[in-house]
Every structure is written in C-alpha cells, then in structure tokens.
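# return atomic coordinates for the entry below.
(chains A and B)
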Amino acid sequence: MNRAIRHVWMAAVAIFAVLLLALTSIMFFQQRSLAADPWNTRTLYEQFGRDRGPILAGGDEIAYSVPADGDYAYQREYRNAEAYAPLTGYFSPIYGSTGLENAMGEQLSGNSDSQFYDRVMSTLSGDQPSGASVEMTVDPELQELAYNLLAGKKGSIVAIEPDTGRILAMASSPSYDPNALSSHDSAGVIEAAQRLNSDEAQPMTNRAISGDLYAPGSTFKIIDTVAALESGDYDTDTEIPNPQNLELPGTSTTLPNYVGGNCTQRTEADLEFALNNSCNTPFAQIAMDLGQDKIRETAENFGYGQELDIPLSVTPSTFPSDLDDASLAMSAIGQYDVRSTPLQVAMTSAAIANDGVLMRPQLVQEVRSSDLSVIDSFQAEQMQRSTSTDVADTVTDLMVSSVDNGIANGAAVPGYSVAGKTGTAEIGSSGTNDSWFTGFAPADDPQVAIAVVYDDVAVGESSSAVSNGQQMFEAVLNG
Amino acid sequence: MTAAPTRGTPATDPVQATSTSTGPVQRRRRITELVLLFVAWAIGIGANVLIDPEQAMASPGHVYRAAAVLIAGGLVLHAVMWFRAQYADPYILPIVVALNGLGIAMIHRIDLLMDATAATNQVLWTAIGVLAAALVLVFLRDHRRLRRFTYISLVASALLLVLPLLPGLGTEINGARIWISIGGRTFQPGEIAKITLAIFFAGYLSTNRDVILLAGPKIGPVRLPRFRDLAPMFAAWLVSIGVLVLQRDLGTAILFFGLFVAMLYLATGRLSWIVLGLIFVAAGGVVASQTFGHVAARLDAWWHAFDPAIYDAPVGGSRQIVQGIFGLASGGLFGQGLGQGRPDLVSYSNSDMIITAFGEELGLIGLGAILMMFFLLVSRGFRAALGTPDAFGKLLAGGLASIMVIQLFVVIGGVTRVIPLTGLTTPFMSAGGSSLLSNWIIAALLLAISHSARRPVVTGPASDQDIAEFQAHEREEHERAEMLESERAERAERRRARQEAARKEREERKARQAEDERKNATAVPTTDRADDAPKKPAPDDDPDVDEPDLDEPKTEPTNQRPNERKGATS
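Numbering: from 1, shown residues only, chains lettered A, B, ... in the order given. The predicted structure is shown next:
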C-alpha cells in the first residue's frame, strides 16, 4: 500500500507542477498580450484610477484629469475640444483611447520605462503615482485658426515648420467632442459613439493622417517637376509639348488640360508656364518619358510609402505600381490610384522649403514628469534627403512664380514671397472634386509649410483652399 | 493468550515517562510547531493589516477579530495536541493557520471594495472550524475507531447529499442545488459528505482489500474484481455522482469521482482499474456534454473562452474565466501588492475565484508560495499515510490528502484553463463556512493519523492515561478471550459428554457381544472384526467436531487436548 501512496503523491507532484506551469504561462509569458486585450477593463480601471498627466498646447492644458466620484477616481476633460480632437483623441472607459491619449498613454499614465524611478518612489512614499504632461508642438493660434477655417466643411489643414519638422497645426473637419466619449456615463458614451460612428462624414477620422486618404491632384506635379529636373533631361528652359488633349496610349480616352484655364494659350510650355497654370499634358508626358520607376522613387524620397509615428500613426501615402502608360499619365497629375495624406503633401512642400531635406514630422514638444523634470524633449531629426539643394531651389522659384504669376496667386501675402501650388482632384464620377493648396512662406526663409484640402467641393465652385492657405501664412508671418 | 503478564508490564512505564521526559521532546516536535505558528500568525495577521493599513488603523475591529481567532485557534489546537496528539505532524497546523489567515485577509479586502461583510462570517466559521478540529482531536483518541462507522458513514454520506434536494430545506443558488438553508444561514452538506465518504471508502477497502484484489476473474492480463466485492463502493459512488448530477454541481462530482479512483488505487495499486475507470469517465463526459446543456456550456467556455459570442453569452459565458485570467495576468511576477489590485472585477473573487485575487495582488511569486504551502500540507498528509501502520489509517490519510489535491487541481486548473472551470472552493481560503469547517476537520484527522504514524510503537513513554487505556483495552481483550474460551470449553464439554455416552454404549454393546459369545461358546474370532467395521463411523453428527474426532472411537477418549490446541491457535 505504501507503494500506491508514493505513486499518488507523485501524481500530486505532477499536478502541482502543471498548475505552476499554467500560472507561469498566464502571469509571466502572456502577461503583456493579456494586458493589451480589449476586454481587459482592468488596465483601463487602473489608468482611470490615476492622475493622468495633461496634454498641453502652448502651455495651455488641452486635455486634463479632474478628480471624480464613482467607479473611477479621475475624469478626463478637454478644452477647446473639437479643434484639438484629432490630436488628443479621447480617453474613454468604454472604447479605450485614441490619438495622443493612446500614443503617449504610457507617459501620460506614468507607466513608461523612463518613469520607473518615479513609480518606485511614489510606491515607497505611498503617494498616488501621477502621470507626465505632454506638450504638443502645435501653435494654439494656428491650430484654432485652421480648425475655424475648416468649420462647416469637410477637409484638413496641416502646417509644418520646414527646418525642424514640428507640426504647428493639424486640423480635421468635421471634428467631434472627446468629452462626450470620455465621460463616465456609460449610456451617454455609447450613444455618442453610435451617433459619431453612423455619421457619414466620419468626424472621428483624423483626415490629416488617416482615413481613406486623398488623391493629391495637381499638388503631385511638384514631385513630377523634381523628377524632371533630377533626370537632367529637363531644365527650366525645356519646351514641352502642351496639347490641349493628350491621347492616352492604348486607350480611346484623352487627358485634357483644364478648359477654362490659360493652358490653351500655348501649344508648348516650359516648366514654369506648365506649373503656373497647372497644365496636365506636359506633366503626363514628362512622367511617360521618365518612366514610372523614376516618379515612384521621387515620391518615395518625399515620404511616400513610409509609415510614420508622429507619434500618432500615419497611414502611408502610396504611388501605385505596375502602371501602363495611360495610368502613369493619370498618376502624374495625382489622379488614378495615387493617394496622399494632407501631412504627406505638407511634407513635400516642407522638403522643398528646407533645401531638399525632409525633416521627420513630430507632434510632441516635451514630456515632463509630475515634478516638472523633463523626461523627453523635442529633437529635430532629418528623415531623409528628398532632392538636391539645387533642384529644391529651382522648384521653389517655380512655386513662387505660381503664386506671383499663376493660378495660386490667391495665396500671396503682401511683403513676403510665397511659394505655392494648387490642386484639384476629381473623385470618381461623383461630379465633385477634392480641392488642394500647398506651399510655404516666406520662400527665402521658410517658416511654415502647409497643406490645405477640402473634400467634395462641387465642380466649378470656387475653392477656398488657396485663400485659407493665405490666411495661414498671414497668421504665421504677421501674427 | 496470557493476560496477566501484559497487564503487569506497562505498570512500570510511568517511571520511565517522567525520568526520560526531556529526551523525546524533540521527536514530538511541538516546539517546532509553536515556532512555526508564530510565522503563520505573522503571515496571516500581517496580511489582514497590509491590505489597507490606514483602514486598519482607523477601524481595527476586523484585524482584532481575525487576530484573536487565529491566535486563540492556533494555541487551542496546539495545546490540545500537547495532551492528545503529541507526535502529530508539526507543519500541518501552522500551514493551515497561515492559509486561513490569508483567506480571511483577501475576503476582507474584497469586502472593502464591495461593501460586504463576508469576512466577519469567515472569522466566525474559522472559530467553529477550530473548535470542531479540537473536538475531533479530543474525542478521537485513535483514528481506527472511525472504522467502526464504515457503513454508518455511507448512510451519512447519502443523507448529507440528499438533504439539499429536500423541498423546504434545500436552496438553489446559481443553478446548483447543493445548499441547505437553516434560519437564514446556508450550509453545504456535500462538504461534510466528502469526509464521511472518505471514511467509508477507507473502512470498506481496508477490510475487503484482499478479496477485491484476488477473488475476481482474470481477463487477459487484467484481473478484475468480483462485482459483489466492489458493489458497495459503486453504490456509494453512484449515489454521490447521481445526486450531484441532479444538483448540477459538476465540481463536487469530479471531486467525489477523483476520491473514489484515488482510494481504489491506494488500496489495490492496480493502475489498470484506474485506466478502465478513466475510460468510463471519458465516455460519461462525452454523454454528459451531449445531454446536459450546462456541461456543454462549460466546455465551450473552456475551449473558446476568447470567442466574443461565448464571452458575451448571458448564461454560462466565459466572462468569468477571461476576467480571472486578466486578473492573474495583471499580477505578473510580483503582483500589484496587497490591496492594490481590482479583484472585484472578477465575479466570485472571494470564493471560487479567490486564487485569481491572490494572483493579482501577490503575483506569480506570492501565488507560487501559496501553492507550495498547499503542496507541503498535502505531502504531510501523504507522509502520515505512509507512517501509520494500519491499512485503514493509510487509506484515510491518503484519501483526505487526495481530496485536497483534487480540489486544488479543479480550482486552479479551472481558472488557468487547464481544465474546464467548475465551482469548487479553495481549501481554507475561499469564503464559505461549510468548506472551512470540513477542511479543519480534515486537518484534525490528518493530525490524528500523523500522531499515530509518529508515535513510538514499542518503547515510547506512556502517560497514565495511555496505560489506563491500554489496560482497559487489554482487559477487554482478555474478557473477550475468556468468554470465547469458556464457550469453547462448554462446547468441548458437550462433545466430550456425547462421546462418553457413545463410548459407554459401545462398551455396553461389546460387553453384550462378549456375553453372547460366551453364551454361544463357539468363537469365530477372525470375522468378528470384519462384522464390526461398517459400524465404525458412529453416527457422530456434532458439527463442531474436527477431523481428529473421527478417529476417536479407535483411540483413548482423551479429547481434551485437541480442543485446547484449537483454542490457542485461533
């Protein structure tokens, strides 16, 4: 019988070993994935139990926590909420978090690795651990102006400091009120979320960096111009055929220049004339001449195809591959399957403005712990060289001419030299356009590069993209 | 069988006991127990303070109550063992006190979150459990006495299990009808039934072990037991399983089946039977999952715990398991710290799911330590089983230790998704009076058996009481032997009388024959014997008569001796 007792004891040993292994698997190896599970409200409860750090713009608290009664110790609130919603995101007990609330969540809640010492100290002292504050790079005046310019319409405005990559403004409209989603009233939060999600205008999408992206339209001609100049086959004197209609190889369709514009005045055009008046056929021919690989490579030099974390996650802009000549011609004028974020378009202008060097766009200026010591601060970082200084200078001149003499003249700011490019992209057969403006100012010492886009502008309706760009420039230059 | 000399020998022992009292102290290990008790109090009471030190300062009522019960309970049992079970295992009591204290702390901690008062109840039941354990140790001088209650235990088990089904008495909570309600308080009789069932299994198997092992037919390499030898076992098992299926308590059904299998193996060492049994269970499990909705739901919640449809299922969903796993995971290696987690997010976190609460707040290291305490406790149980000389004690200790192992496996395996989650309590920790009471009784039984395992068998010092008891026992044995002896003597007397009568008859007959011969005067001596031969087996129908008696007519009638020999050997 003793043998049997020993055997049963050994079975007990095996059982305890299995239990310990199972516990180790869950509590150690799967710990992180389980903590990140969307059903794990525990993580959220823990976050809501903390004094989460504020998100600031220009020293003002945009998102901040206030003590609350009820299930959670703190309630998140937002000031001037709709203007900043695409940046801050929300911090909801039901839907989790988005925007900087999510991307900087560890720092805001005090959980980042660099806050380890603070956590240990607060554990020892028995204080409630509190999170770090996150200061954004955005200029509150510009951000609020941008949002006001977009008010009532669908669109986005992005402004970047060309020589640092600091994002000065990033607005998206329509926007939403994160307060409604961050409330502790579950029913109200769910109702608000359902209303926002069923809104066709998709107010919770940050159009500047995500969503369905835009066809860049004629703003893509900046990249065509760079490609042409880099190839050595073209310079500012090269005369390019400028037919009113270009027959697309292998198809029965034609690519026209805009009928109402000045392009019809010439059958041959140099780059300046073509860019000033945004003629389509010369750029289609340049693209077919250089080949799709050259165009794509140039686009990628400006940031196409790259994922970015600013630290919000940016959907990569795309230039299609495996194009036939007809599709390439269409792509060259920013149609077909070319897709850009407004941020990408602003980055293109910023790289031209910064002598061909693309700075990594960033949204976070500084992270400070609750005792105000700096945990992390902004450092300008070169992302890549987009083109040579010479080419950048030439393109700058062409874009200045476009404002001075061309159809982008609405962007002119008296006393300053402004570089710009308009764009219009047809959206399918809906009869509406996406209307663009991008540029930078002052051209000789760029302080800001911007991109403005409006969705679904009716054909023929004058777009305010250019004038909005002008107002943004004015705010920077004269503000 | 000589009673007089044995009655004399222990009389010298009291002298020995007093003179050598310093020697055996180490071997009794009561001091070890006392020292370890201080450690256990530090853990158990410390945990009650640490869950919320500020609250403990502000309103220390709970901490005082818990500390009082743990300290008094530990001391009472310690003292009882000084007198009643000096050689009991020194680790069992401290481990149990520590586990019980930790359990009270966690229940109180969850009370604070939920605004409940389960801890007060738990402290009260701890006191009751300690009292019950003390009574067991005081009145159960020798665990072998329980063997007398083998069949009473079976009946008691059946009654206890049926109680909750009685209308008016039984109460259904969360779909399981395993509680009885008396005066607003609920009690789970099944918790006590696990002890009575273990006593029955131990008693029955220790008596019938050999028959079960050897009497059955051999089919191939497997010798099966005869059905009639195992029938009471199966009856016990069927009643418990049947009742539990009716009561929809899967966890306890698994526990009882596991106990049955473990004790059958402990008694017989036949692995093949266990394998056969498990095959039957597997088949039964498949049938159950097909026929019982709640069993199928349990399996789904186990396999597809992270499936949204099952997670959100209104009944029998996996939310509890998944939230429990989140709780464990949030503990990580070091835990959130006592009082720092959110164990209230898991339903039943102070009873069935208390392990996840400990995992969350003490981490893998803390929970591992608790598991090690349980492992040590269980191992001491098996150690007692190894040490005790009697088969009944071995089976009972092994069975009780097995109960704890199975319970832990079902509970922790359930929350970690090793097996489907079924409701069972974590011994000594989960909130619940019946569970606490039965586990304290189990601890007391293990202590009693471990005492008999470690008690010196031959030369140990004996107390006056030991001696008195031994003498009483001897006297009893002697009286029984004398009674048997006199019965035998009586029977022998009767037989002797009968044989005497028969002999006289034969002699008379012989005398008559001799007279006849003499009368006839013509002697035929050679055929004389042959004529007598058929008559030799005299009509001797006494059933008590042994073989030698058959020859007796031929020999001298000195039948006293064989009878005496027979008496001596029996």
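
# drop to CA atoms for contacts and neighbour counts, all remaining ones
Fine.

# residue contacts, residue 102?
Going with chain A. Contact analysis of residue A:102 by CA atoms under 8 Å, 6 or more residues apart in numbering or on different chains lists A:89, A:91.

# if you could check chain B rather than the one you did, that'd help
Contact analysis of residue B:102 by CA under 8 Å, 6+ apart lists B:43, B:44, B:45, B:47, B:48, B:429.

# show me how chain A divides into domains.
A:2-29, A:217-366+A:374-478 (automatic domain parsing).

# okay, how far is it across the last one, tip to tip?
Here the two ends of domain A:217-366+A:374-478 are set 30 Å apart, with distance taken as CA to CA, to the nearest Å.

# just stretch A:416-434 next, same as before
Its start and end residues considered, stretch A:416-434 measures 28 Å (CA to CA).

# could you give the separation of that stretch from the chain centroid?
Chain-centre distance of stretch A:416-434: 18 Å, with CA atoms, centre = their mean, to the nearest Å.

# what comes up buried for it?
Of all the residues in stretch A:416-434, those buried under the rule 16 or more other CA atoms under 10 Å in any protein chain shown are A:417-427, A:432-434.

# for residue 28, which non-adjacent residue is closest in space?
Using chain A. Residue nearest to residue A:28 in three dimensions, not counting chain neighbours: residue B:332, with 5.6 Å by CA to CA, 6 or more residues apart in numbering or on different chains.

# that's the wrong chain, I wanted chain B
Distances taken as CA to CA, 6+ apart put residue B:87 closest to residue B:28, at 4.6 Å, once the chain neighbours are dropped.

# and for the residue of the stretch 451-570 of chain B found nearest chain A, the neighbour number?
Using CA to the nearest CA, residue B:453 is the residue of the stretch 451-570 of chain B that sits closest to chain A, at 12.9 Å. If you count neighbours by other CA atoms under 10 Å in any protein chain shown, residue B:453 ends up with 23.

# residues contacting the most centrally placed residue in chain B?
Centroid-nearest residue in chain B, with CA atoms, centre = their mean: residue B:396, separated by 3.3 Å. Each residue near residue B:396 by CA under 8 Å, 6+ apart is listed here: B:198, B:199, B:201, B:202, B:385.

# same deal with residue B:192?
Residues in contact with residue B:192, defined by CA under 8 Å, 6+ apart, are B:157, B:160, B:434, B:438.

# just the contacts of residue B:102: which are in helices?
Counting by DSSP state H, the part of the contacts of residue B:102 found in helices is B:43, B:44, B:45, B:47, B:48.

# now the buried members of these.
B:43, B:44, B:45, B:47, B:48.

# residues of chain B that sit close to chain A?
When proximity is defined as CA under 8 Å from any CA of the partner chain, chain B approaches chain A at B:262, B:265-269, B:323, B:325-333, B:342, B:345, B:363-364, B:368, B:371, B:375, B:379, B:382, B:385-386, B:391, B:394, B:398, B:402, B:405, B:409, B:412-413, B:416, B:418.

# change it to 6 Å
Within chain B, the positions lying close to chain A (CA under 6 Å from any CA of the partner chain) are B:266, B:269, B:328, B:329, B:332, B:386.

# off-centre distance for stretch A:219-233?
For stretch A:219-233, the separation from the chain centroid amounts to 24 Å (computed by CA atoms, centre = their mean).

# and it, which residues are buried?
Buried residues in stretch A:219-233, counting neighbours by 16+ other CA under 10 Å, are found at A:219, A:220, A:221, A:222, A:223, A:224, A:225, A:226, A:227, A:228, A:229, A:230.

# do you know how far the first one is from residue A:277?
The span separating residue A:219 from residue A:277 equals 12 Å under the rule CA to CA.

# picking up where we left off before, in helices, which of the residues of chain B next to chain A fall?
Among the residues of chain B next to chain A, DSSP H puts B:266, B:328, B:329, B:386 in helices.

# residue contacts, the third one?
When the contact criterion is CA atoms under 6 Å, 6 or more residues apart in numbering or on different chains, the partners of residue B:329 are A:26, A:27, A:31.

# identify the residues contacting stretch A:178-190?
A:77, A:78, A:90, A:91, A:92.

# in strands only, show me those residues.
Residues of these located in strands (DSSP state E): A:77, A:78, A:91, A:92.

# chain neighbours aside, what residue packs nearest to residue B:322?
Using CA to CA, 6+ apart and skipping the chain neighbours, the partner closest in space to residue B:322 is residue B:305 (6.5 Å).

# most tightly packed of the domains of chain A?
Most buried of the domains of chain A by mean neighbour count (mean count of other CA atoms under 10 Å in any protein chain shown) is domain A:217-366+A:374-478; its value is a mean of 21.
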